[in-house]
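Undergrad: Predicted model follows, preceded by the sequence.
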Amino acid sequence: MAVRRPKPRRRRETILDSPSPPSQKRANQWHRWSEDIIPRMIVPYLSYIEETLSLRHANIPGERHSNDGECGTGCRTRSIKVACVLFDAFEEITIIACPCFPTPLQLLRRGLFPCAPMVPSLAVDLRVLEFSPNQTAWCDALETFLDGMRYKLTSKNSLRRRFSNAFHWYRVLTVLARDHISTLITDARKDGSHVDQPSEYLRSRCPLCFGGNDWRNEVRGSPSMCVIYYDSTAPVDHFSRPNIIVCIDACFTQKCSTNPRGATGSDPPNPTSSFFLPTADVNAMEDFVQRCRGEGRQARASRAEPDEDCYEEGMRVPVSVLNGCGDSFIAADEKREKASTRFFTDTGLMALLCRHDHVLWVANLTSAGEKQHYALALLDRLFKHLPAQMTIGLLYDIGCQLERSCRKWKFMDDNTLSRIVFAVAVFHAYGHQWPCQIVYHPRKREGFGLSDGEGCERLWSFLKPLIPSLRVSGFNQRLFVLDTQIRHLDSKSLQGFGHWLHRRWIHCQTKKNGALDSLHDLQVDEDMLRVEWKAQVDHQTKPAPRTSDKVNLQKMKKDIYLTVRLNALAVKTCIRDHLRQRKFELERLERSYRATINAEHKLHANTQQSIKRREPGILKLVSTYNGLCSQLRSLICQRRAPPYAIMPHIIPRDGIFLLDVDDDIWQDVGLDDDTMAPPAWLSDDAVRNGIRLQLEVDQCVEEEARLMRERAVIQEWMLAEWGAIRGASNNAVTDAVMSFHLRSRADELINICVVWKKKVQCIPCAWPVGESWGPSDEALLQAARDQAQSSFRDEVDAESVEGEEGDCEGDLEYGEIGDEELMDAIEDIALADEYRYDYSNELVDDTDDIDDHYMPSSPIKLSNKRRCI
């Protein structure tokens with residue numbers, strides 16, 4: 001059967017009298033979809049879902065040919081032949097269309113979705129649209145299948161193009177339909193109780209961060225929250241810690257190529273909400289930054305720059321250290337051109353995420369480098385949705401440079417700036433100077449607990465499969481696809497919050513108990529450790545003294561010990577620089593391995609060779625440094641060194657490439673200027689280890705308090721959400737369609753509540769919440785039984801398959817890489833601070849219907865691997 005497209009007729013409502021260009025026709029069709037057809041299809045679509053019980057009982061094929069389009073009002077009608085793609089057939093039906101009952105609505109009543117808003121030639125079964133994972137591959141397979149059944153299409157790729165159009169607008173319809181139900185729930189919750197609270201948008205983005213009844217609630221009845229961190233600008237207590245923790249990072253692999261034909265303009269926008277900042281807001285922030293920099297340069301030109309190293313206004317590390325951090329990231333290609341604006345119109349993405357890896361907003365990058373105005377635009381949008389006194393902890397790869405710019409160029413007023421606690425992400429902390437790390441590292445700075453700030457890296461990994469297709473996509477289509485993927489990750493991760501809290505609590509308790517045991521074995525006074533840590537921070541963040549090179553040369557000629565010590569210090573500094581460069585190259589290796597563009601695989605090979613070439617040189621420098629340390633030890637033993645000279649520590653070859661924040665490679669013990677009475681934090685190994693362990697305990701105490709708060713917030717959110725759904729159901733009691741969808745939303749919430757309640761029962765609440773979670777005990781018990789039966793059947797099926805085939809490997813999940821050995825080797829080095837915990841047998845509940853032998857590092861990354869029996 002040959003299916004041919006009907007000849008298009010000239011319609012009276014056509015905008016132009018003469019034939020329109022293809023771009024104008026596309027814009028007209030897009031406008032008709034967005035403004036007319038899709039809004040009229042929302043309620044009929046919800047009705048069809050209710051009639052078919054979520055597409056489980058779709059209309060039988062015979063009913064599809066019933067003539068629903070006969071109009072009794074005398075409208076002018078027309079007959080349209082439509083080819084229908086079904087699961088088991090390829091049929092052709094006739095639709096009698098009229099203005100009061102257009103073709104898309106008639107097709108929707110039959111369980112079909114059209115490829116065009118007015119005169120479609122193809123319609124696709126809704127179940128096929130729900131099932132199809134990939135448009136191109138699905139259409140190629142379907143064409144082959146239909147060809148085998150002797151169904152012929154008249155033109156090449158006609159099915160793919162029309163199917164793609166139907167698939168896109170069906171996704172738009174599903175998004176708007178779900179938003180319609182969410183609006184009913186939100187309206188039922190608006191009772192004035194959330195005054196001076198985070199916005200409804202933020203509340204919908206992350207229940208753990210913004211879902212509580214009052215963000216001012218703190219931990220009650222918890223142990224002392226006094227911590228060891230040093231902050232010269234604020235009192236050290238638990239009220240000074242940030243209320244929420246967010247992270248920012250940019251990705252330059254999510255690019256969009258310039259149109260090779262030189263076409264101008266872009267595809268029309270979609271009528272759905274987006275996580276992307278409006279382009280006008282980003283451009284306004286760019287203009288604001290340029291004005292601030294211009295005014296600041298004029299003011300600075302009138303006064304001379306100081307010759308001595310010093311602190312800039314509001315900063316706690318000297319200028320020399322900040323310049324060193326900036327130079328390090330420039331050398332690592334962090335600030336230079338990353339994507340050519342000649343070949344790419346959109347050069348990347350920058351995202352703002354909460355500590356639970358939920359996307360808050362995304363900015364589309366159009367510049368060649370990582371400009372600061374993108375991060376400032378994201379922060380500006382965040383503060384517009386927060387209460388006036390709420391504080392944030394910001395983790396950013398170059399957080400020190402962002403704070404420096406904000407204070408130097410007055411990008412933010414003092415009130416807003418005082419509400420931000422800046423820190424650097426764990427993954428890139430090695431690129432910063434040691435004085436910067438002891439102030440900005442989240443393991444050294446108050447308020448961040450065990451947060452790593454690498455949620456953006458995990459997001460880029462999840463979005464990686466979209467790189468090839470989005471490279472040649474239209475502007476608004478690219479944003480729509482990314483928005484759809486983010487919504488999918490949100491729905492997938494919501495149930496994972498219970499797993500995430502459970503895992504983090506167990507890990508926190510284990511790490512805390514281990515640190516306390518080690519600290520107890522040292523038998524060092526805690527108050528003394530805090531005093532020594534403050535003294536260490538004060539000493540190591542002092543401005544560098546400016547001395548004459550001639551004076552140093554004269555001293556070196558007369559003092560053998562000083563000569564050897566300066567040489568050892570120079571070699572150790574060189575080792576640190578080489579290790580940083582190796583780390584940066586390792587990051588490029590990981591990015592190129594994850595990339596799907598062939599051009600970047602060349603970089604992968606070159607980077608791999610560069611890393612192998614660099615390792616012997618680093619090990620040789622380590623041997624040279626250890627030899628100089630042996631000479632210093634000999635001079636000290638021979639009393640040819642100054643009094644109170646400290647023996648330097650040798651660098652062990654094992655673990656030298658990890659560059660952990662607590663490694664001895666950062667400490668210049670015995671290599672600093674001579675002191676008459678060396679402090680304990682420099683000369684006493686027990687005190688140095690005690691400071692490290694006490695900081696670890698403080699991190700765990702902070703994490704424990706934040707998890708207890710999130711445990712209470714998650715229950716408050718569930719109670720409020722359940723009450724809102726019940727209120728919306730009462731308002732729609734006479735509407736069978738809306739009642740059905742609200743019941744479906746309530747069932748989803750009950751299934752989530754079962755998992756949350758079970759997983760967080762070991763975590764105490766930060767404040768009294770009560771026993772109720774919202775749903776009744778009977779509803780929760782029934783949902784738990786259903787989940788247990790489903791899990792049992794899945795396990796039995798898995799065992800039978802494994803027993804027959806001998807294959808114990810499951811399908812890859814989002815974020816997983818096929819070559820696990822290479823990725824494990826990379827992550828062991830580059831992501832050493834990622835939190836993993838292997839549960840012991842006594843901690844696993846054998847009767848638990850939800851596996852605990854794995855725990856994700858974020859709520860999104862849930863694995864479905866099964867154990868081999």
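TA: Great, that's in hand.
Undergrad: which residues touch residue 139?
TA: 159-160, 163-164 (Cβ atoms under 8 Å, 6 or more residues apart in numbering). Where you see a C-beta, it was placed from the backbone N, CA and C, and this is true even at glycine.
Undergrad: which one is it nearest to, not counting chain neighbours?
TA: In space, and not counting its chain neighbours, residue 139 is closest to residue 160: 4.0 Å by Cβ to Cβ, 6 or more residues apart in numbering.
Undergrad: And for that neighbour, the neighbour number?
TA: Using other Cβ atoms under 10 Å, residue 160 has 17 other residues around it.
Undergrad: just residue 542 next, same as before
TA: Using other Cβ under 10 Å, the number of residues around residue 542 comes to 13.
Undergrad: do residue 103 as well
TA: Counted with other Cβ under 10 Å, the neighbours of residue 103 add up to 23.
Undergrad: pretty sure it contacts residue 120?
TA: Yes. With contact defined as Cβ atoms under 8 Å, residue 103 reaches residue 120; the gap is 6.2 Å.
Undergrad: picking that back up, of all the contacts of residue 139, which two lie farthest apart?
TA: 159 and 164 (9.3 Å; Cβ to Cβ).
Undergrad: Neighbour count for the two, which is higher?
TA: Each of residue 159 and residue 164 has its neighbours counted (other Cβ under 10 Å); residue 159 has more, 23 against 16.
Undergrad: Give me the average confidence score over the helix or strand hosting that one.
TA: Using DSSP states H and E, residue 159 falls within helix 158-189. Average pLDDT, helix 158-189: 91.
Undergrad: Could you list the buried residues of it?
TA: The neighbour-count check on helix 158-189 (16 or more other Cβ atoms under 10 Å) flags 158-160, 162-177, 181, 184-185, 188-189 as buried.
Undergrad: same question, stretch 454-473
TA: Counting neighbours by 16+ other Cβ under 10 Å, stretch 454-473 gives 454-464, 466-467, 470-471, 473 as buried.
Undergrad: next SSE after the strand or helix carrying residue 106?
TA: Using DSSP H and E, residue 106 sits in helix 103-109. Heading C-terminal from helix 103-109, the first helix or strand you meet, by DSSP H and E, is strand 112-114.
Undergrad: Then residue 567 would be within a helix, right?
TA: Yes. Going by DSSP: H, G, I helix; E, B strand; the rest coil, the assignment for residue 567 places it inside a helix.
Undergrad: Pull up the gap between the residue lying closest to it once chain neighbours are set aside and residue 560, please.
TA: Setting aside the residues directly before and after it, residue 567 is nearest to residue 628 in space (Cβ to Cβ, 6+ apart), at 5.7 Å. Distance, residue 628 to residue 560, by Cβ to Cβ, to the nearest Å: 12 Å.
Undergrad: Show me which of those two is the more surrounded one.
TA: residue 628 (21 against 13).
Undergrad: any idea of the pLDDT on that one?
TA: pLDDT at residue 628 comes out at 79.
Undergrad: so which strand or helix has it?
TA: helix 598-637.
Undergrad: Let me know the average pLDDT across the helix or strand following that helix.
TA: Later in the chain than helix 598-637, the nearest helix or strand by DSSP H and E is helix 680-683. In this model, helix 680-683 carries a mean pLDDT of 80.
Undergrad: what's the distance between residue 629 and residue 43?
TA: Taking Cβ to Cβ, one finds residue 629 at 78 Å from residue 43.
Undergrad: Same drill for those two, tell me which one is more crowded.
TA: Between residue 629 and residue 43, counting by other Cβ under 10 Å, residue 629 is the more crowded of the two (22 against 14).
Undergrad: so who does that one touch?
TA: 568, 647-650.
Undergrad: residue boundaries of the strands in this structure?
TA: Listed in chain order, the strands of the chain (DSSP state E) span 2-3, 78-85, 90-97, 112-114, 122-125, 152-153, 244-251, 256-257, 344-346, 348-354, 359-365, 392-396, 420-423.
Undergrad: Can you say which of those strands is packed in most?
TA: strand 112-114 (a mean of 27; mean count of other Cβ atoms under 10 Å).
Undergrad: just checking, what packs against that strand?
TA: Where contact means 3 or more Cβ pairs under 8 Å, 6 or more residues apart in numbering; DSSP states H and E, strand 112-114 is packed against strand 78-85, helix 103-109, strand 122-125, helix 126-131, helix 158-189.
Undergrad: swap the cut-off to 10 Å and go again
TA: When contacts are defined as 3 or more Cβ pairs under 10 Å, 6 or more residues apart in numbering; DSSP states H and E, strand 112-114 sits against helix 38-51, strand 78-85, strand 90-97, helix 103-109, strand 122-125, helix 126-131, helix 158-189.
Undergrad: mind checking how far that strand is from the chain centre?
TA: Centroid displacement of strand 112-114 relative to its chain, using Cα atoms, centre = their mean, to the nearest Å, is 35 Å.
Undergrad: avg pLDDT for it?
TA: pLDDT averaged over strand 112-114 gives 94.
Undergrad: residues contacting residue 52?
TA: Residues in contact with residue 52 (Cβ atoms under 10 Å, 6 or more residues apart in numbering) are 58-59, 111, 126-127.
Undergrad: Buried subset of those residues, written for ChimeraX?
TA: One line in ChimeraX is enough to select the buried ones among these; burial here means 16+ other Cβ under 10 Å:
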select :58,111,126
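Undergrad: Redo the contacts of residue 52 as JSON lines? Include distance to residue 706.
TA: JSON lines is the format used below for these (distance: Cβ to Cβ, whole Å):
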{"residue": "58", "distance to residue 706": "47"}
{"residue": "59", "distance to residue 706": "52"}
{"residue": "111", "distance to residue 706": "48"}
{"residue": "126", "distance to residue 706": "44"}
{"residue": "127", "distance to residue 706": "44"}
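Undergrad: for the contacts of residue 52, which one is nearest residue 342?
TA: Of all the contacts of residue 52, residue 126 has the smallest distance to residue 342: 43.5 Å, by Cβ to Cβ.
Undergrad: Residue 734 versus the closest residue to that closest one other than its chain neighbours, what's the distance?
TA: Nearest non-adjacent residue to residue 126, counting by Cβ to Cβ, 6+ apart: residue 111, 5.3 Å away. For residue 111, the distance to residue 734 equals 26 Å [Cβ to Cβ].
Undergrad: One more: residue 455?
TA: For residue 455, the distance to residue 734 - Cβ to Cβ - is 44 Å.
Undergrad: swap in residue 431?
TA: Residue 431 is 62 Å from residue 734, where distance means Cβ to Cβ.
Undergrad: one step back: what packs against the helix holding residue 106?
TA: When contacts are defined as 3+ Cβ pairs under 10 Å, 6+ apart, helix 103-109 packs onto helix 38-51, helix 61-64, strand 78-85, strand 90-97, strand 112-114, strand 122-125, helix 158-189.
Undergrad: What strands flank the shortest one, and is each parallel or antiparallel?
TA: Strand partners for strand 112-114, identified by DSSP bridges, are recorded as strand 122-125 (antiparallel).
Undergrad: again with the third one
TA: Using DSSP bridges, the strands paired with strand 78-85 in its sheet are strand 90-97 (antiparallel), strand 122-125 (parallel).
Undergrad: Pick out the shakiest of those strands, pLDDT-wise.
TA: The minimum mean pLDDT among the strands paired with strand 78-85 belongs to strand 90-97 (a mean of 86).
Undergrad: Settle this for me: residue 151 is touching residue 84, isn't it.
TA: No. Look at residue 151 against residue 84 with Cβ atoms under 10 Å: they stay out of range, at 11.4 Å.
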